[in-house]
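**Student:** no FASTA, just this:
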């Protein structure tokens, strides 16, 4: 079978491998679609220190069940269409006991710590498969995974209708977070340096955007919020200066959610955190949001097709990773459809 193999940084290609063998409790999937994620780009560039090589990439996966135990816990059967929860957890550590499996002390992410599923076939635990709603296309189904990342940030921020949510970074995750916030009755404020991304967001219904090249950040947020500042701030860029700015962007008694992964530490004024009595929360991957994401997509409440820039074949996937790495400004998401 064909797989997309990252042999080492900057060395990615499609190659042949033996078919995976299914064991008890697992399911064999025929992969129908896979998304190229920012973590795949980081692995390709060699800047993600969690990745070991060689590695088959891909964790945003949708496929059809080819083999599965008859007594599987979800009652799934051969022929069912599913998406993959790609975050493998131990089930025994303290975070897992709290059902915060995304914080597992021994978390393994497909395409990062273990081989991913950008391949013709893939084996995965049967209890980590989620049925795809009827009528949803293969090319859209993998976008449920990045939507879960956005939703997890909204939940960590305890976003409520009527609140303002300032979002640093208008990439795929930031834009999905803004669209989800609108779906739940909140007011997103999307912030970026690239006007094309912000203009596109406005076309999709994001009323408030801030271009850091042409607008003043804090005065603009103050004007939008009537002086209160944003009750929730989501940091999705990973830029150190953006992380520091969150403390000025957030309201008193507000919440900051850190989703982006910075490459170095960011010094923060703890006196301001105390003075404003802020909640600062990490938001890592997702935990239990797949059904919610699939419902939002299926119902049309969140238009994930808006972030899909391009669709390629499996044979074109390696070149697409290179293209996305070299020209990130041209794309939001690229999906591979088999």
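**Tutor:** Arrived safely. Just so it is clear, the structure is predicted and the values come from calculations on it, not from any experiment.

**Student:** mind listing the helices for the stretch 101-250 of the chain?
**Tutor:** With DSSP state H, counting those that start in this stretch as the criterion, the stretch 101-250 of the chain has helices at 144-156, 172-183, 195-203, 217-224, 240-249.

**Student:** who does the fourth one touch, helix- and strand-wise?
**Tutor:** Using 3 or more CB pairs under 8 Å, 6 or more residues apart in numbering; DSSP states H and E as the contact definition, the elements that helix 217-224 packs against are strand 164-168, strand 187-192, strand 208-211, helix 240-249. Every residue, glycine included, has its C-beta placed from N, CA and C.

**Student:** Compare the helices of the stretch 101-250 of the chain and report which one is nearest to residue 324.
**Tutor:** Closest to residue 324 of the helices of the stretch 101-250 of the chain is helix 172-183 (CB to CB; 10.9 Å).

**Student:** just the angle between the closest one and strand 164-168, please?
**Tutor:** Interaxial angle of helix 172-183 relative to strand 164-168 (axes from the mean of the first three to the mean of the last three CA atoms, to 10 degrees): 170 degrees.

**Student:** Now do helix 172-183: distance to the chain's middle.
**Tutor:** Helix 172-183 sits 11 Å away from the centroid of its parent chain (CA atoms, centre = their mean, to the nearest Å).

**Student:** Give the rounded mean pLDDT of that helix.
**Tutor:** Mean per-residue pLDDT for helix 172-183: 97.

**Student:** Other residues contacting that helix?
**Tutor:** When contacts are defined by CB atoms under 8 Å, 6 or more residues apart in numbering, helix 172-183 is touched by residues 38, 146-147, 149-151, 153-154, 159, 165, 167-168, 170, 187-188, 190, 192, 197, 200-201, 204-206, 234, 236-237, 259, 296, 301-304, 306-307, 332-333.

**Student:** and residue 264, that's in a strand?
**Tutor:** No. Looking at residue 264 with DSSP: H, G, I helix; E, B strand; the rest coil, it is coil, so not inside a strand.

**Student:** got the contact list for it?
**Tutor:** Contacts of residue 264 (CB under 8 Å, 6+ apart): residue 240.

**Student:** Next one, pLDDT for it please.
**Tutor:** For residue 264, pLDDT reads 89.

**Student:** what separates it from residue 243, distance-wise?
**Tutor:** In this structure, residue 264 and residue 243 are 10 Å apart, going by CB to CB, to the nearest Å.

**Student:** same deal with residue 98?
**Tutor:** 26 Å.

**Student:** So which of those two has more stuff around it?
**Tutor:** For the pair residue 98 and residue 243, the greater number of neighbours falls to residue 243 (21 against 10), based on other CB atoms under 10 Å.
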